[in-house]
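Trainee: quick one, what's the 3D model for this:
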Amino acid sequence: MGFSIALIVFSALLMLLVLMHKGKGGGLSDMFGGGMQSSVGGSSVAERNLDRITVVIGLFWFACIVALGLLMKSGS
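Mentor: Below is the predicted model:
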């Protein structure tokens, strides 16, 4: 039950974080001031942190799926 709730929470967080990324035409991150900065030498610190957070949440999401699969396999 706990992994199911964690999977729902991580899924919602992952959707939100992916939508906040700046794409080719901008994203929801522009609403929070990401579109006002023009970085010449690459991505800004906020964008790099957003990338790192998204990867970590994605790994937790994947771990929840694997754990739920193992629990379902051992339960039946």
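Trainee: sketch out the low-pLDDT regions of the chain for me.
Mentor: Low-confidence segments of the chain (pLDDT under 70): 24-43, 76.
Trainee: for this structure, which segments count as helices?
Mentor: Along the chain, counting by DSSP state H, helices occupy 2-20, 45-75.
Trainee: could you redo those as TSV and give each row mean neighbour count?
Mentor: The C-beta positions use only the backbone N, C-alpha and C, and glycine is treated the same way. Shown next, in TSV, are these (neighbours: other C-beta atoms under 10 Å):
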stretch	mean neighbour count
helix 2-20	14
helix 45-75	13
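Trainee: distance of Met1 relative to Leu71?
Mentor: Distance of Met1 to Leu71, computed by C-beta to C-beta, to the nearest Å: 10 Å.
Trainee: also Ile57?
Mentor: Ile57 is 21 Å from Leu71, where distance means C-beta to C-beta.
Trainee: what do you get for Phe60?
Mentor: Distance from Phe60 to Leu71, counting by C-beta to C-beta: 16 Å.
Trainee: swap in Leu13?
Mentor: 22 Å.
Trainee: do the same with Ile53
Mentor: Taking C-beta to C-beta, one finds Ile53 at 27 Å from Leu71.
Trainee: check Ala46 too.
Mentor: Separation of Ala46 from Leu71 (C-beta to C-beta): 37 Å.
Trainee: equivalent analysis for Phe10, please.
Mentor: Per C-beta to C-beta, Phe10 is found 16 Å from Leu71.
Trainee: go ahead and confirm Leu50 touches Leu17.
Mentor: Yes - with contact defined as C-beta atoms under 8 Å, Leu50 reaches Leu17; the gap is 6.8 Å.
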